[in-house]
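Student: below is the structure, and that's it, no one-letter string:
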């Protein structure tokens, strides 16, 4: 079965288990994907036939009995993953906006400011080549300038996309992260790589961070934060190593360097 067919099949499961009546009707499959009634009926039959008795056919509808538990591709973790990644359409969740209103609020852009910059960076990654990026950091007095880097990965940290790359202008070619949206230009580099250069693996390693709770937190609050932040019963968070600093700045009271302009705005916005 093709990926598109799989998604249609998953829709039947998700709609059946998530709708108010635990029912999906043929007309809803037609609505979600714009397919014919015949194709929708075939899909309903396929869902029931592969359900091992969890789904039942009744005319032009499929029912998930009250006793049936949803499989992992239609459970609450699957729904949360879809919402987290912006997959909120009826076809993707099995729920219409009027049933489950979902609003996505964003105030930042991940795309590099310069047109074509992302394409150049992606090509450098796929071709295993260095590139020049015009980048501005947030150190006091920092100005946009071209830097020669060797990209190894794109990485999402929270709501921010970053480029992980070796800095080829510094001894030892350290790995650094560059916020994609702060890259204003990128251009191909045709020069040879340094002879001593060996690229790192793009896979980040896990680092254990022992949590020291604020004494003002009660047990219910700690438990809620354990669930939110993935902290285990021993009070340890297992993070990607490149995320540790940002994690501790946000949740652990770590301060940024004195030479970093942060936060970038006044604490009290000016009235307009």
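Tutor: Looks like it came in fine. Predicted model only: the values in this text are computed from it and were never measured. Residues are numbered from 1 along each chain as shown.
Student: all strands of this structure, in order?
Tutor: For the chain, the strands defined by DSSP state E cover 23-25, 56-58, 61-63, 131-135, 145-157, 160-167, 175-179, 183-188, 206-210, 236-240.
Student: would you mind confirming that residue 73 makes contact with residue 12?
Tutor: No - using CB atoms under 8 Å, residue 73 makes no contact with residue 12, being 11.0 Å away. To be clear about C-beta, it is placed using only N, CA and C from the backbone, and glycine gets the same treatment.
Student: looking at the two, which is more packed in?
Tutor: residue 12 (28 against 12; other CB atoms under 10 Å).
Student: pretty sure the more buried one sits against residue 26.
Tutor: No - with contact defined as CB under 8 Å, residue 12 does not reach residue 26; the gap is 9.9 Å.
Student: overlap in contacts, these two.
Tutor: Here residue 12 and residue 26 have residue 44 as joint contacts, going by CB atoms under 8 Å, 6 or more residues apart in numbering.
Student: now do the same contact list for residue 245.
Tutor: residue 254.
Student: try 10 Å
Tutor: Residue 245 is in contact with 157, 177, 239, 252, 254, 256, counting by CB atoms under 10 Å, 6 or more residues apart in numbering.
Student: below-threshold pLDDT in the stretch 151-272 of the chain: ranges please.
Tutor: Scanning the stretch 151-272 of the chain for pLDDT under 70 picks out 269-272.
Student: could you give the separation between the terminal residues of stretch 244-262?
Tutor: Counting by CA to CA, to the nearest Å, you get 18 Å between the two ends of stretch 244-262.
Student: hmm, I typed the wrong one, I wanted stretch 18-32.
Tutor: Counting by CA to CA, you get 15 Å between the two ends of stretch 18-32.
Student: average model confidence for that stretch?
Tutor: Here stretch 18-32 scores 97 as its mean pLDDT.
Student: list the buried residues of it.
Tutor: Buried residues in stretch 18-32, defined by neighbour count with 16 or more other CB atoms under 10 Å: 18, 19, 22, 24, 25, 26, 28, 29, 30, 32.
Student: and that stretch, how far out from the chain middle?
Tutor: Centroid displacement of stretch 18-32 relative to its chain, using CA atoms, centre = their mean, to the nearest Å, is 28 Å.
Student: returning to what we had before: out of the strands of the chain, which gets nearest to residue 220?
Tutor: Smallest distance to residue 220 across those (CB to CB): 19.0 Å, for strand 236-240.
Student: hang on, the earlier thing: pipe the strands of the chain into CSV and attach distance to residue 230 per row.
Tutor: Formatted as CSV, the strands of the chain follow (distance: least, CB to CB, whole Å):
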stretch, distance to residue 230
strand 23-25, 34
strand 56-58, 38
strand 61-63, 36
strand 131-135, 31
strand 145-157, 14
strand 160-167, 18
strand 175-179, 21
strand 183-188, 30
strand 206-210, 11
strand 236-240, 6
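Student: right, so these: which one is the most enclosed?
Tutor: With neighbours defined as mean count of other CB atoms under 10 Å, those peak in mean count at strand 131-135, which reaches a mean of 22.
Student: what pairs with that strand, parallel or antiparallel?
Tutor: strand 145-157 (antiparallel), strand 183-188 (antiparallel) (DSSP bridges).
Student: between these, which one is closest to residue 114.
Tutor: Residue 114 lies closest, by CB to CB, to one member of the strands paired with strand 131-135: strand 183-188, at 4.2 Å.
Student: quick one on the thing from earlier: check the contacts of residue 245 and tell me the two furthest apart.
Tutor: With CB to CB as the measure, no two of the contacts of residue 245 lie farther apart than 177 and 252, at 18.9 Å.
Student: can you give me the helices in the stretch 51-200 of the chain?
Tutor: Here the stretch 51-200 of the chain has its helices, by DSSP state H, counting those that start in this stretch, at 76-84, 90-93, 117-127.
Student: could I get those helices as JSON lines with mean neighbour count?
Tutor: Listed next are the helices of the stretch 51-200 of the chain as JSON lines, based on neighbours: other CB atoms under 10 Å:
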{"stretch": "helix 76-84", "mean neighbour count": "13"}
{"stretch": "helix 90-93", "mean neighbour count": "19"}
{"stretch": "helix 117-127", "mean neighbour count": "17"}
